[in-house]
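show me the folded form of this:
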Amino acid sequence: MRLLRQAHEFEYRDAAGIDRLGQADVWEMGGGERAVLVLRGLAASGSARPQLLSQAQQARGYLSHTWLPFLVPNAELDVLVVYTGEQGQTRALLLA
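Numbering: from 1, shown residues only. The predicted model follows:
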């Protein structure tokens, strides 16, 4: 695996039309055939999982149209959403 971008700050518009900020890491595997997008800092409170998934889908959609085609144009993309759980532990969700 090779890290292409780390802690890249981006702005996206959520489903309610509010501009939000997030951070993304992009990892490339297999000579560009696969990539992993790691999203952090999305605007969702605590363990509000449906809200977090909605924010992640909006952020992925934005990045898929603006930024990712230039970094990993032909890659199959896996998306991980990293967040802080209710008791302060770090958690990750795989976005299908």
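
use CA for all of it now, contacts and neighbours both
Will do.

quick one: low-confidence parts of this protein?
Scanning the chain for pLDDT under 70 picks out 44-47.

would you map the helices across it?
Assigned by DSSP state H, the chain shows helices spanning 49-66, 68-71.

of these, flag the one that's most buried.
Burial of these is given as mean neighbour count (mean count of other CA atoms under 10 Å); helix 49-66 ranks first at a mean of 17.

show me what that one is packed against.
Judged by 3 or more CA pairs under 8 Å, 6 or more residues apart in numbering; DSSP states H and E, helix 49-66 is in contact with strand 2-13, strand 90-95.

could you redo the last one with a cut-off of 7 Å?
Applying 3 or more CA pairs under 7 Å, 6 or more residues apart in numbering; DSSP states H and E, we find helix 49-66 packed against strand 2-13.

quick one: the strand it packs on to helix 49-66, angle?
Per axes from the mean of the first three to the mean of the last three CA atoms, to 10 degrees, the angle that strand 2-13 makes with helix 49-66 is 110 degrees.

which residue is nearest the middle of the protein?
Most central in the chain under CA atoms, centre = their mean is Leu39, positioned 2.8 Å from the mean C-alpha point.

who's in contact with it?
When contacts are counted by CA atoms under 7 Å, 6 or more residues apart in numbering, Leu39 touches Gln23, Ala24, Asp25, Leu80, Val81, Val82.

bridge partners for it, pull those for me.
On the basis of DSSP bridges, Leu39 takes part in beta bridges with Ala24, Val81.

so how far is Glu86 from it?
Distance of Leu39 to Glu86, computed by CA to CA, to the nearest Å: 18 Å.

now swap in Ala43 and tell me
Ala43 is 15 Å from Glu86, by CA to CA.

what does Asp14 give?
Shown here: Asp14 relative to Glu86, a distance of 23 Å by CA to CA.

the more surrounded of the two?
The neighbour count for Asp14 versus Glu86, taken as other CA atoms under 10 Å, is higher for Asp14 (18 against 12).
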